[in-house]
Each structure stands twice: as structure tokens, then as C-alpha cells.
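Asker: Provided below for reference: sequence and predicted model.
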Amino acid sequence: MAKHRVADFMSRKVVSLRPDASVREAEALLAKHGIGGAPVVDEHGRVRGVVSQRDLVRLEATPATAGQSGEFYTDMEEFRDLAKTPVERHGTPVEKVMTTNVIQVGPDAEVAEAARTMRAHRVHRLLVIDGQVLVGILTAQDLLRALEEQPATP
């Protein structure tokens, strides 16, 4: 029996941003498409990071909250640079707030491997990267679709 590959189930149309897109543009894009995050790619389609709702919420945190939670910025100087007025904050490029540690998978990987990666990293989507170029996205929904197509084992 042939193994299911990521390329067979991934979405090829991926909503993405450029590194110089503003926080305001990112917020609008995520809201428009009803998504929790988007890859940040350069002009050649190479992934530079991911900007998520969580990254954008960090800009709304107060310095006191950021320092207490330990979850947001630990470098208070960096936080102060980002904790600007709403007008200034919205002009901040997403490359300043994106996550650069991108969880990814290759298009030829088996779906089971992708599922293990999602579980290990506690994420609901993986960027599908061929070489350094973004070619798709695989979501937990896509994995469920792959499981539905697998024949039942006796």
C-alpha cells in the first residue's frame, strides 16, 4: 500500500506576507481570511518566519504584563521599541514581530511523519518547504482528510 505524502494533501494556495508588510496589514490579512497566522516570505518565496495572532497580541501587552508573564518579551528594551502608540505600532514591519523558528515539513514527507511533527511541536499547521521555498501548508484538517482516505486495517 502506498504511503500518503504531504504533497497530496497540502494546500498550495497560501496566504503570506512580505517582511516589510506592516502590522496593520498583517492584522487585516489574518482577519480577512479568518486565519491565525501567515508565513512571511521574501521576493523569491523563501520563508523568513511566521506572523501569528499571538505575535500581534504581544504588541498590545503592557510592559508590566510582559515582564510578569515571562511569555512575551524578556528584553524590555526591545519591548519598549515595539510598545508604541497605536499609529506607530501599526506601522511596525512584521519582520520585527514574527517568529523565526518555523516548524516545517517537506512535500515528500509521509503524512504520518507530519502528524508526529505537529504533535511534538504542539502546532496545528506546518509550512511545506521544498529547498528554501514555500510550496504549501498542511493543516490538522488536511491530516484528517488523509486519515479518512486510509483503508481500515483488519
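Answerer: Thanks, I have it.
Asker: does the residue nearest the centre of the chain count as helix, strand or coil?
Answerer: Nearest residue to the geometric centre of the chain (Cα atoms, centre = their mean): Val50, 4.0 Å. Secondary structure assignment for Val50 (DSSP: H, G, I helix; E, B strand; the rest coil): strand.
Asker: show the pLDDT at it.
Answerer: On the pLDDT scale, Val50 is placed at 93.
Asker: quick one: contacts for it?
Answerer: Gly37, Ala38, Pro39, Val40, Met98, Thr99, Val102, Leu127 (Cβ atoms under 8 Å, 6 or more residues apart in numbering). C-betas here are computed from N, CA, C, even on glycine.
Asker: recalculate using a threshold of 6 Å.
Answerer: Val50 is in contact with Gly37, Pro39, Thr99, Val102, counting by Cβ atoms under 6 Å, 6 or more residues apart in numbering.
Asker: is there a quick ChimeraX command that grabs whichever of these are buried?
Answerer: Buried residues among the contacts of Val50 (16 or more other Cβ atoms under 10 Å), as a ChimeraX selection:
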select :37,39,102
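Asker: just to revisit the earlier point, who's the residue nearest to the centre of the chain bridged to?
Answerer: Beta-bridge partners of Val50, counted by DSSP bridges, are Pro39, Thr99.
Asker: distance of the closest residue to Val23 other than its chain neighbours from Ser52?
Answerer: Closest residue to Val23 apart from its sequence neighbours, by Cβ to Cβ, 6 or more residues apart in numbering: Thr92 at 4.8 Å. Distance, Thr92 to Ser52, by Cβ to Cβ, to the nearest Å: 15 Å.
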